[in-house]
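S.K.: Next input, structure requested:
(one chain, ligands or ions: 1)
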Amino acid sequence: MKPVIVVHGGAGRIPQEREDGSRLGVTRAALKGHSILKRGGSALDAVEEAVAIMEEDPQFNAGIGSVLNEKGEVEMDAIIMDGQNLGSGAVSAVKNIVHPIKLSRLVMEKTNHMLLTDQGALDFARAMGVPEVPGEKLISDRSLERWKEYLETVSKATPTPVPVPNPTLTPNPQEVQKDLGTVGAVAVDSTGNVACATSTGGLTNKRVGRVGDSACIGCGGYADNNIGAVSTTGHGESIMKVVLARLTLYHMEQGMSPGDAADAALNSMKTRVEGLGGLIVVSNSGDWAARFSTENMSWATVKDDQLHCGISAGEIRTQSVEEALGSIGS
Ligand SMILES: CC(C)C[C@H](NC(=O)C[C@H](N)C(=O)O)C(=O)O
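M.R.: Presented below is the predicted three-dimensional model:
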């Protein structure tokens, strides 16, 4: 079985000045995952490391560079899932760590639980010896700027100090498009095992304690060796309503190709709940797709020593892994 890795760096609108950085970030992550798979590593290790590299990259809304909640703090969600036994681990509303995806893996492997939240997740991280970082270390200039902009827009839009519903909870597609950079990966390894991983800072100005799709099994991701693996991004509340990752795999179980299944699932999210987003998917036989209903989604994949990547609908740039390694300077 030839291994395949696919990664995404978030859906939404990617402004021109962020295109190169985003493309570079997903390329680097896909190459990292590929290098693990190529030397016989597991799909789980490949998706974890691919996501971890993007959590360190302030380009993305995950780990360092996460967007800020209503109090100006970073609270992150992540999930990892093993298609072999349907085991998964997740964390939600977790602070002060750079790699929520690694903590999710520890939840999967070192506890009898599937999801740890907030203080409990942090206590567990401490018990596992995960390094803690000050909250400010996770805040990038860009996320701080965006948070301030967001507060201004909201205060202009609501001149009276009456309690307003938290705007991030309203699926306004225009509003939603501003936050971007959730990261994810899916892979199938040389033994035919599939896995997925997703990590995010969520949505700007979200309520303290808000948990999104990325921590929820079937929503932010799902992996089953009998079908394939999916990682999603987009408006979390909409993704949760349609259980987007599992819905995509359901369509594949019914005989659709990964691309058709992704389109069908994203289309029902749009028509049924007016939600926008994107996803990456790989089947257990190594067919893959990267689809989105937002304006952009950065993604990259390596299969057969060829790297493909894109940001806009229909765009696919291709180069050999060797060339790509040269272009990222390693
Ligand atoms: C706003 C959308 C289109 C951008 C997207 N956001 C997420 O994926 C947020 C995550 N699913 C959640 O709800 O917590 C991104 O960061 O790329």
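
S.K.: Show me what from the chain comes close to the ligand.
M.R.: Near the ligand, the residues belonging to the chain are 10-12, 61, 77, 176-177, 179-182, 200, 202-203, 212-214, 233-236, 239, 276-277, 294 when assessed by Cβ under 6 Å from any ligand atom. For glycine as for every other residue, the C-beta is placed from the backbone atoms N, C-alpha and C.

S.K.: Looking at the residues you listed, which are in strands?
M.R.: Counted as lying in strands by DSSP state E, out of the residues of the chain next to the ligand, are 10, 11, 12, 77, 200, 233, 234, 277.

S.K.: residues near the fourth one, how many?
M.R.: The one in question is residue 77. Counted with other Cβ atoms under 10 Å, the neighbours of residue 77 add up to 30.

S.K.: Look up the residues forming beta bridges with it.
M.R.: Going by DSSP bridges, residue 77 is paired in beta bridges with residue 200.

S.K.: residue contacts, it?
M.R.: 90-94, 100, 199-200, 202, 211-215, 220 (Cβ atoms under 8 Å, 6 or more residues apart in numbering).

S.K.: at 6 Å instead, please
M.R.: Shown in contact with residue 77 (Cβ atoms under 6 Å, 6 or more residues apart in numbering): 92, 200, 212, 214, 215.

S.K.: Next: the first one.
M.R.: With contacts taken as Cβ under 6 Å, 6+ apart, residue 10 has the following neighbours: 61, 180, 181, 182, 233.

S.K.: So the fourth one is in contact with residue 235, correct?
M.R.: Meaning residue 182. No. Using Cβ atoms under 6 Å, residue 182 is not in contact with residue 235, being 10.8 Å away.

S.K.: Settle it for me: which of these two has more neighbours?
M.R.: The residue with more neighbours, out of residue 182 and residue 235, is residue 182; 36 against 30, by other Cβ under 10 Å.

S.K.: Tell me how many other residues crowd residue 134.
M.R.: Around residue 134 there are 9 residues (other Cβ under 10 Å).

S.K.: and the gap between it and residue 148?
M.R.: Using Cβ to Cβ, to the nearest Å, residue 134 is found at 20 Å from residue 148.

S.K.: And for residue 289?
M.R.: 37 Å.

S.K.: Same check on residue 28?
M.R.: Distance from residue 28 to residue 148, by Cβ to Cβ: 29 Å.

S.K.: Settle it for me: which of the two has more neighbours?
M.R.: Legend: neighbour count by other Cβ under 10 Å for residue 28 and residue 148, higher for residue 28 (22 against 12).

S.K.: helix/strand/coil for residue 88?
M.R.: strand (DSSP: H, G, I helix; E, B strand; the rest coil).

S.K.: same thing with residue 281?
M.R.: Quick answer, by three-state DSSP: residue 281 is strand.

S.K.: do the same with residue 104
M.R.: Residue 104 - assigned by three-state DSSP - is helix.

S.K.: ok, now how distant is it from the ligand?
M.R.: Distance, residue 104 to the ligand, using Cβ to the nearest ligand atom, to the nearest Å: 15 Å.

S.K.: With residue 267 instead?
M.R.: Distance, residue 267 to the ligand, by Cβ to the nearest ligand atom: 16 Å.

S.K.: low-confidence ranges in the stretch 151-300 of the chain?
M.R.: The model of the stretch 151-300 of the chain has pLDDT under 70 over residues 157-179.

S.K.: Show residues contacting stretch 93-105.
M.R.: Contacts of stretch 93-105 (Cβ under 6 Å, 6+ apart): 48, 51-52, 55, 63, 75-76, 78-80, 89-91, 117-118, 121, 125, 130, 132-133, 135, 197, 199, 209, 211.

S.K.: Out of those residues, name the ones that lie in helices.
M.R.: 48, 51, 52, 55, 118, 121, 125 (DSSP state H).

S.K.: Please produce CSV containing the residues you listed, extended by pLDDT and neighbour count.
M.R.: Shown next, in CSV, are the ones in helices among the contacts of stretch 93-105 (pLDDT from 0 to 100; neighbours: other Cβ atoms under 10 Å):
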residue, pLDDT, neighbour count
48, 98, 24
51, 98, 32
52, 98, 24
55, 98, 26
118, 97, 16
121, 98, 27
125, 98, 24
